[in-house]
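>>> quick one, fold the following:
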Amino acid sequence: MPPEPIDGAVTRDRRARIAVAALFLTNGALFANMLPRFPEIKSDLAMSNAVYGGAVAAFSAGALMAGLTAAALIRRFQSARVALVTTVFLAAFILVASVAPSPPVFAVALFVAGAGDAITDVAQNVNGLRLQRNYGRSIINSLHAVWAVGAIVGGLMGAAAIALHIPRPVHLGVAGVVFCAVVAVAYPYLLHGPDHDDHPSAQNSGGRDVSAVVYLWLLALVGIAVAGATVEDAGSSWAALYLRDSLGAPGAVAPLGYVALVGCMFLGRMVGDRLVDRFGERAVARAGGLITAAGMGLALALPSVPGTIAGFAAAGLGVATVIPAAMRAADELPGLRAGTGLTMLTWLMRVGFLGAPLVVGVIADATSLRMGLLTVPAAGVTLILLAGVLSGRARS
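I've put the predicted structure just below:
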């Protein structure tokens, strides 16, 4: 079979980049549409902070339970197909959670939605990293930036739905149909076929013993990813509640803490590839940890609505590149089968999403939500301490 013309390959990759970006956009937007509705669901179902934290953690529990199936599903059905099906699955159970009549039903629906989200997450990153290998340069931060755009769009849609008094089922049903249609349109342009044939370790990882150092390195990368996940969860699960209940922000203003976090995360990821190329992942992660710890620490020390929104913005900027950096590093760990490092890191990262809302909820019930949110500056300190396992090499 003759090789594909260069112009044809370039056109295919450009279309694939738009298509995989659509996956990231949709994944960010679907769950973010529901986040501004969390405070009213909490009130409607009369949940305490601890019960609410446990129910929200069910999303991460479902992700944790299903995450390790992603690699097998992708090998069997390919990343493009898996991403399409699990996106529809996610949208359907977000709608179920929005109309749940009791906290247990709410938690179960989030559990199933989380399972779908975990598999979608791995599938879209596998497709994106495969495309990155075609490009021969880093594009993964820009794809995660598009995820942040989706989260911003979803958060603003949720805030607008609240302001316009649109019922939850109508709002989330329409959002689900729209974003599932986006993925369906993008699907033909994704990269199809086997996902790991061109992986750098595809021909040299089989049968090799993996040293304990590699697994320790992977655990440190997981720590970095969990720190980033903890900050993201603080914005998604608690920002609106803190601004509304603790600081008295109006219902339409309270979601802006999360929007500010993902907005600055988007800006950080848009410039992230260039910053990493110039200064190295290690320096960027350490600077981000400092920005997160200082920004959110100051916001909690001097609480106000504008200052808290700015604090969440600083936290989003600080962690912008850390999860993509950890994913890239895990995917290239020596001795592991192609895709194994990425799958293991993504799965273990869910521990952060599982434990963070529970920890914050318990602290909030025992003291205050303001004290519970000290997990955010603590995550920034963790990044400073663990960033040494990332690459310190600047690239031209």
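
>>> which pLDDT value goes with P3?
Predicted confidence (pLDDT) for P3: 53.

>>> helix or strand right after the one helix or strand N125 maps to?
Under the assignment given by DSSP states H and E, the secondary-structure element containing N125 is helix 103-135. Following the chain from helix 103-135 toward its C-terminal end, the next helix or strand by DSSP H and E is helix 140-163.

>>> and that next one, what's buried?
Residues of helix 140-163 classed as buried: 140-159, 161-162 (neighbour count, 16 or more other CB atoms under 10 Å). C-beta: built from backbone N, CA, C; applies to glycine.

>>> how far is it from where the chain is centred?
The gap between where helix 140-163 is centred and where its chain is centred comes out at 11 Å by CA atoms, centre = their mean, to the nearest Å.

>>> pLDDT of that helix, averaged?
The average of the pLDDT scores along helix 140-163 is 88.

>>> whatever helix or strand comes next after it versus helix 103-135: what angle between them?
Counting by DSSP H and E, the next helix or strand C-terminal to helix 140-163 is helix 168-186. Here the directions of helix 168-186 and helix 103-135 differ by 20 degrees (axes from the mean of the first three to the mean of the last three CA atoms, to 10 degrees).

>>> who are the packing partners of the worst-scoring helix or strand of the chain on mean pLDDT?
None of the helices or strands of the chain scores lower by mean pLDDT, DSSP states H and E than helix 340-366, at a mean of 80. The elements that helix 340-366 packs onto, with contact taken as 3 or more CB pairs under 8 Å, 6 or more residues apart in numbering; DSSP states H and E, are helix 49-67, helix 69-77, helix 103-135, helix 212-233, helix 322-331, helix 369-372, helix 375-386.

>>> so which of the ones you listed gets nearest A299?
A299 lies closest, by CB to CB, to one member of the helices and strands packed on helix 340-366: helix 375-386, at 8.8 Å.

>>> buried residues in the closest one?
T375, V376, P377, A378, A379, G380, T382, L383, I384, L386.

>>> equivalent analysis for stretch 292-305, please.
With burial defined by 16+ other CB under 10 Å, the residues of stretch 292-305 counted as buried are T292, A293, A294, G295, M296, G297, A299, L300, V305.

>>> now swap in stretch 73-82 and tell me
If you call a residue buried by 16+ other CB under 10 Å, then stretch 73-82 has these buried ones: L73, I74, Q78, S79, A80, R81, V82.

>>> lowest-confidence one in those residues?
Comparing pLDDT over the buried residues of stretch 73-82 singles out I74 as the least confident position, at 85.

>>> that one and L345: what is the separation?
15 Å (CB to CB, to the nearest Å).

>>> now G128
Between G128 and L345 the computed distance is 15 Å (CB to CB).

>>> before we move on, what about R75?
Going from R75 to L345 by CB to CB gives 18 Å.
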